[in-house]
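Participant: everything below, folded, please.
(4 chains)
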Amino acid sequence: MVARFMSLKEAVASCVKDGDTISMEGFTHLIPHAAGHEIIRQGIKNLTLVRMTPDVIYDQLIGAGCAKKLIFSWGGNPGVGSLHRLRDAYEKSWPTKLEIEEHSHAAMANAYDAGAAGLPCAVFKGYRGAELPRVNPNIKFIECPFTGESLAAVPAIRPDVTVVHAQKANKKGDVLFEGIVGVQKEAVLAAKKSIITVEEIVDDFGDISPNAVMLPNWAVTAIVEVPGGAHPSYAQGYYKRDNAFYKAWDPIARDRETFQAWLEEHVINGGPEDFAAKREANKG
Amino acid sequence: MVARFMSLKEAVASCVKDGDTISMEGFTHLIPHAAGHEIIRQGIKNLTLVRMTPDVIYDQLIGAGCAKKLIFSWGGNPGVGSLHRLRDAYEKSWPTKLEIEEHSHAAMANAYDAGAAGLPCAVFKGYRGAELPRVNPNIKFIECPFTGESLAAVPAIRPDVTVVHAQKANKKGDVLFEGIVGVQKEAVLAAKKSIITVEEIVDDFGDISPNAVMLPNWAVTAIVEVPGGAHPSYAQGYYKRDNAFYKAWDPIARDRETFQAWLEEHVINGGPEDFAAKREANKG
Amino acid sequence: MVEYTPTEMMTVSAARALKNDDVCFVGIGMPSAACNLARLTHAPDITLIYESGTIGTKPDVLPLSIGDGELCETAVNTVAVPEMFRYWLQGGKISVGFLGAAQLDKYGNINTTVIGDYDNPKVRLPGGGGAPEIATSCGEVFLVMKQSKRGFVEKIDFVTSLGHGKGGNDRASYGVDTKGPSRLITDLCIMEPHPEGKQFVVTSIHPGVTREEIIENTGWDVEFADEVAETAIPSEKELQVLRELHARTAKAHGDQQ
Amino acid sequence: MVEYTPTEMMTVSAARALKNDDVCFVGIGMPSAACNLARLTHAPDITLIYESGTIGTKPDVLPLSIGDGELCETAVNTVAVPEMFRYWLQGGKISVGFLGAAQLDKYGNINTTVIGDYDNPKVRLPGGGGAPEIATSCGEVFLVMKQSKRGFVEKIDFVTSLGHGKGGNDRASYGVDTKGPSRLITDLCIMEPHPEGKQFVVTSIHPGVTREEIIENTGWDVEFADEVAETAIPSEKELQVLRELHARTAKAHGDQQ
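Facilitator: Below is the predicted model:
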């Protein structure tokens, strides 16, 4: 079951279906925006979206009507403010009702770890004295069988599909992450299927550490070369975070019509090839 | 509490005391043999020795009478055979009685991970249908609060002192591991104090990956430069495993007198400086 | 006479609370400015950790997000996010957590989740992020926040992260053995928890601020210590370093922060 | 006519059981020889994983230990041991686990812990190591072991690692949903579990071996399948590659293995 190289269209069409639980990760760095656009273009609906920080990428998917539920731990546009599409869906059910399941970062990070590790739940020292357990039935407490200490437990995250962006794949389909690696490796290993967009496909990785953060080809489903595919997020070694876009997103998303016009122009009438220009524009 | 550079004698004298629980790790690679010899020379007793694979290094410590208890998951001389000093202590209480607590590798690896993570216990899918839980009261089972699935639990490993060997420290006292990194990082993070012997102290690490396997200086207690300090184990990039020594160990350890003569000559009358020659002899 | 803004006074006071050997878990915004100011002045060896996994980072400009490339490029090491939360935060390796809040009570319990009811909120805030476990796993917690009646309330709408709970030894009743909020730095003053009751007590007032201003901007009955100090004004060096940091940041982010 | 030893026949048979797309967790000794023989003959793309953390390793010589430098130097990636056991083994990423044993029963339960009583053993063996969880977490398990009455026993002294338990569906009663031992390769024959009872049944006999020899060297009542095949003899290529591998290994380790 070695990874197959394919187009983004083919990857999304063959891996993601209505009603799936999908995780698109990247902790500020390497967020798979191009793949998010493709999911919107293919009109996939009723997704349960999982992501620690549902920032602009999920604001777009939610505003486009792809999601029925969001599992998250921090929902904002980092350093800018609110996610207006997320709030509009949650507070006013536009364009559709959005259910939320809220956790802390520690809970989500542990839940991905547990998912990768094949466990049904994650056990950690969390939520002590916090109020989320009152409103989220997916937070429980168990006792350490040796010390009697109370420990939090949350269900493992096991997405149907995980979508992430990485710097490189080699010709065999092994994938290399570098820099802020977030929970990407865990999210891929926790999922039934995975789509990895990459900045480039190289012959081989050259002289890298034996302990580099990698996924071997048999642990990945689909690989797609999408230069700039993380924009407005960034890919270390390739291009910088487009902070101006994150700020510009605020007024775009604040208003339903402005958002829809943006979506029409940049997503519906766009394609993965548009991202290469964004990469060029944010170099250096 | 930044790491201090010191001599091996000073490091062991200031960190390790009678009755401590100590972990000396290194999964075949980077086993801290020079530090083991120093512990023997300082006559430290009643240690609880923790190690996944108590191979030759613990055979020496046990034979020298340093240990009262061994926590382990595989006790042999890899590819060669039995650990005769371990068996003599366990079966015939020579030179002192040795108590054992036995686990599987998965349990120990998870217990180190839990120790590093500040948890009182590790929870994992282990020991299913296996008989160790019958003879080891430190193996229990808990239920997943979401699925009801039975999961194994073992106490976290929290050593008083962890001793490991690494390739390099820089002048600030940050430590770099490369290659087969085993459970060393976890064992250090799980311990109250740590001693790291290194092949060399360099000005800086140069062009390494941001994701290299490292310990920052404030996470380490003592650093000692001991070239060749892992012999007869190996340090990738410096020297190879001395397989011939592992084979030669079998007849040395088989007999109490031969062992004692070896101990007198190579440990009691030896010192960390002897290891540099071993490094030279096993290059290439 | 040096001129400075209340926000600058707050940032400088927050920076001063940090020691050279601290290992500090840094939130974005005001905590990030204070921590980097400390690093660029009296605490050059301080270890700054961001939840994106960057350990010992030394950013030349303040990050807009918690995971800007600058953080990784200048770090001693960058680890995966599960490792950050498991080995480093939960593992008890962090001496100080630096947090802000939308709402705060006198025991240092904080709310960054919702204003109003959880299911039908007046304002839906971003949520807890790292805070619930930063608040309990770090050796101690510094809070930094502009003072106002809206933010400093008698009862917060939602306990995102535990402070001293209901006061006294309540925090320990949750099985938490860390110190919790040990300092609250505002644009008006510095408060510290009462040794027994654990409610915040004003221990230092910034120059030019009156007790009445503090009382007017606080939703609970303000307590003052028997001896209240006057906070030392920002030094020229502190202000210069802070302003240069902000100027570099604005330039790097392509516009005003 | 090609000449070969029973051990070579066993190793070649074990190697043949592996497929090109298998991800195989390899034990030291016989499993290591078989897996690398498969890689050097019909399964060039097989992924070999050793518990030391080396993923996709392609050693030119057989390692003496589970963590020889050769394994890391030729691997696609090397991960920490906790990650290996948590994400890769327990995470269900491994298709085949390859194990040997000191004692084995007809349901493929294995003992590598003690001969005799646990607390007062006749022989203290090295212990389980990775085996208890390899046996339950891999998609299926191949066992490879020289046949003898001492090793192939009616009742093993200690259940280090679960096979088919008491047979039938007993394995599943432990919450284990993997296949378990699906093949036992010895120097005399190949056995596979009965579809219902799960006891081992001889399905292929190595050339020149008689049924009597198998019965004499087995401590339980041997069952033969209705149709028992004759194992194909080692090909010249298989023998050549295996012998070259052993020769390189002996040379590299500085003496005879």
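Participant: quick check: residues of chain A near chain B?
Facilitator: A:117-121, A:123-125, A:138, A:140-142, A:144-147, A:149, A:151, A:153, A:155, A:177-179, A:181, A:208-213 (C-beta under 8 Å from any C-beta of the partner chain). C-beta here means a position set from N, CA and C on the backbone, and glycine is covered the same way.
Participant: narrow the residues you listed to those that are buried.
Facilitator: For the residues of chain A next to chain B, a burial check counting by 16 or more other C-beta atoms under 10 Å in any protein chain shown picks out A:117-121, A:123-125, A:138, A:140, A:142, A:144-145, A:151, A:153, A:155, A:177-179, A:181, A:209-213.
Participant: do you know how far the closest residue to chain C within the stretch 51-200 of chain A is from residue A:123?
Facilitator: Nearest residue of the stretch 51-200 of chain A to chain C: residue A:129, at 3.0 Å (C-beta to the nearest C-beta). Remark: distance between residue A:129 and residue A:123 (C-beta to C-beta, to the nearest Å) = 18 Å.
Participant: how about low-confidence regions in the chain?
Facilitator: With no chain named, the answer covers chain A. Along chain A, the model assigns pLDDT under 70 to residues A:1.
Participant: to clarify, I was referring to chain C.
Facilitator: If you take pLDDT under 70 as the line, chain C has these spans: C:1, C:254-257.
Participant: determine the longest helix present in it.
Facilitator: Identified as the longest helix of chain C according to DSSP state H is helix C:236-252.
Participant: list the buried residues in that one.
Facilitator: C:238-239, C:241-242, C:245-246, C:249, C:252.
Participant: alpha carbons of it, in CSV - could you do that?
Facilitator: What follows is helix C:236-252 as a C-alpha-only set of coordinates in CSV (Å, rounded to 0.1, in the frame of the first residue of the first chain):
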residue,chain,number,x,y,z
GLU,C,236,15.7,54.4,29.4
LYS,C,237,17.4,51.1,28.5
GLU,C,238,14.2,49.1,29.0
LEU,C,239,12.1,51.6,27.0
GLN,C,240,14.7,51.7,24.2
VAL,C,241,14.9,48.0,23.9
LEU,C,242,11.1,47.6,24.0
ARG,C,243,10.5,50.3,21.4
GLU,C,244,13.1,48.9,19.1
LEU,C,245,11.6,45.5,19.4
HIS,C,246,8.2,46.8,18.5
ALA,C,247,9.6,48.8,15.6
ARG,C,248,11.4,45.8,14.2
THR,C,249,8.2,43.8,14.6
ALA,C,250,6.1,46.3,12.8
LYS,C,251,8.6,46.5,10.0
ALA,C,252,8.9,42.7,9.7
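Participant: now do that helix: distance to the chain's middle.
Facilitator: Taking C-alpha atoms, centre = their mean, to the nearest Å, the mean C-alpha location of helix C:236-252 is offset from the chain mean by 19 Å.
Participant: against which helices or strands is it packed?
Facilitator: On a contact count with 3 or more C-beta pairs under 8 Å, 6 or more residues apart in numbering or on different chains; DSSP states H and E, helix C:236-252 meets helix C:6-16, helix C:30-40.
Participant: what lies in contact with that helix?
Facilitator: The contact list for helix C:236-252, computed with C-beta atoms under 8 Å, 6 or more residues apart in numbering or on different chains, reads C:2, C:4, C:8, C:11-12, C:15, C:33, C:36-37, C:40-41, C:60-62, C:70, C:234, C:256-257.
Participant: could you check the angle helix C:6-16 makes with it?
Facilitator: Here helix C:236-252 runs at 110 degrees with respect to helix C:6-16, directions being taken by axes from the mean of the first three to the mean of the last three C-alpha atoms, to 10 degrees.
Participant: specify the angle between helix C:236-252 and helix C:30-40 in degrees.
Facilitator: With the same axes, to 10 degrees defining the directions, helix C:236-252 sits at 120 degrees from helix C:30-40.
Participant: what about the residue of the stretch 101-250 of chain C found nearest chain B, how many residues close to it?
Facilitator: Nearest residue of the stretch 101-250 of chain C to chain B: residue C:137, at 7.5 Å (C-beta to the nearest C-beta). Residue C:137 has 26 neighbours, counted by other C-beta atoms under 10 Å in any protein chain shown.
Participant: ok, the residue lying closest to it once chain neighbours are set aside to chain D distance?
Facilitator: Among residues not flanking residue C:137 along the chain, residue C:89 sits closest, at 5.0 Å (C-beta to C-beta, 6 or more residues apart in numbering or on different chains). With distances taken as C-beta to the nearest C-beta, to the nearest Å, residue C:89 is found 18 Å from chain D.
Participant: which residues touch residue C:89?
Facilitator: By C-beta under 8 Å, 6+ apart, residue C:89 lies in contact with A:106, C:25, C:51, C:130, C:133-134, C:137-138.
Participant: roughly how far does residue A:19 sit from chain D?
Facilitator: 23 Å.
Participant: let me fix that, I meant to ask about residue A:256.
Facilitator: Taken as C-beta to the nearest C-beta, the span from residue A:256 to chain D is 42 Å.
Participant: OK, contacts around the closest residue to residue C:119 other than its chain neighbours?
Facilitator: Nearest residue to residue C:119, sequence neighbours excluded (C-beta to C-beta, 6+ apart): residue A:135, at 7.5 Å. Residue A:135 makes contacts with A:102, C:118-119, as judged by C-beta under 8 Å, 6+ apart.
Participant: which parts of the chain are helices?
Facilitator: Went with chain A since none was named. Along chain A, the stretches classed as helices by DSSP H are A:8-15, A:33-41, A:56-63, A:84-92, A:105-116, A:132-135, A:184-190, A:243-254, A:256-263, A:275-281.
Participant: could you do chain C instead?
Facilitator: Using DSSP H, helices in chain C cover C:6-16, C:30-40, C:69-73, C:81-83, C:131-137, C:211-216, C:236-252.
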